[in-house]
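Chemist: structure for this input, please:
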Amino acid sequence: MEFKDTWHHNRTTLATDIEKYYKGRKTSNTGIQYVTLKDGMIVLSKYIERRDILLIRGEGFGVFVNTDGSYDIQYHGDPDTREWELTEIGKDAIAAKVREEVKKNLEYIQAHDNFFSDRPWLLCDGKTPEEAIEILRPYEFHVEKEKEPAEPVE
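Modeler: Next comes the predicted model:
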């Protein structure tokens, strides 16, 4: 089994996103996870809080990894070509890759644990973008610039 790459779903960059899309505006049609902008004020989003922070891409599947090391496998393509998913070898290879990526990304994972446990976006409801940026900036963790995944993964 081959893995193509690992992509960081960095959820901690909310301050940067607000600064880029909402600062100095009254409205925006750009959706940001956790919050939206209405009449120049931050409003909590009604969307589910996603907590997967790593995406390990393989041929015909994606592995979405959470901060606690748990993961979900999403398959795409023809279900008849996914014979490997039923084998212990396939499951073991995915589990080993998840452990490897978690070990490589401990600082990134800790930053997300803090972000998810403190839930600072809840403090931004009714604030201006500038106030929200001040609240959220201490939680930001930046990873090396990555290339966008070559193909979308759902």
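
Chemist: tell me which residues are up against the longest helix belonging to the chain.
Modeler: Counting by DSSP state H, the longest helix found in the chain is helix 88-104. With C-beta atoms under 8 Å, 6 or more residues apart in numbering as the test, helix 88-104 has contacts from 1, 3, 6, 54, 56, 58, 63, 65, 69, 71, 73, 84-85, 109. C-beta coordinates here come from the backbone N, C-alpha and C atoms, glycine included.

Chemist: that helix: what's the following helix or strand?
Modeler: The helix or strand immediately downstream of helix 88-104 is helix 106-118, counting by DSSP states H and E.

Chemist: list the buried ones in that following helix?
Modeler: Across helix 106-118, burial judged by 16 or more other C-beta atoms under 10 Å covers 108-109, 111-112, 115-116.

Chemist: about what we covered before: from the contacts of helix 88-104, which land in helices?
Modeler: Filtering the contacts of helix 88-104 for helices - DSSP H - leaves residue 109.

Chemist: which of the contacts of helix 88-104 sit farthest apart?
Modeler: Using C-beta to C-beta, the two most remote members of the contacts of helix 88-104 are 84 and 109, lying 27.2 Å apart.

Chemist: how many other residues sit next to residue 11?
Modeler: 22 (other C-beta atoms under 10 Å).

Chemist: kindly report the same for residue 73.
Modeler: Residue 73 sits with 16 neighbouring residues when counted by other C-beta under 10 Å.

Chemist: report the helix or strand with the lowest average pLDDT across this protein.
Modeler: Within the chain, judged by mean pLDDT, DSSP states H and E, the helix or strand with the poorest mean is strand 71-75; its value is a mean of 87.

Chemist: quick one: strands adjacent to that strand?
Modeler: Applying DSSP bridges, strand 71-75 is found paired with strand 61-66 (antiparallel).
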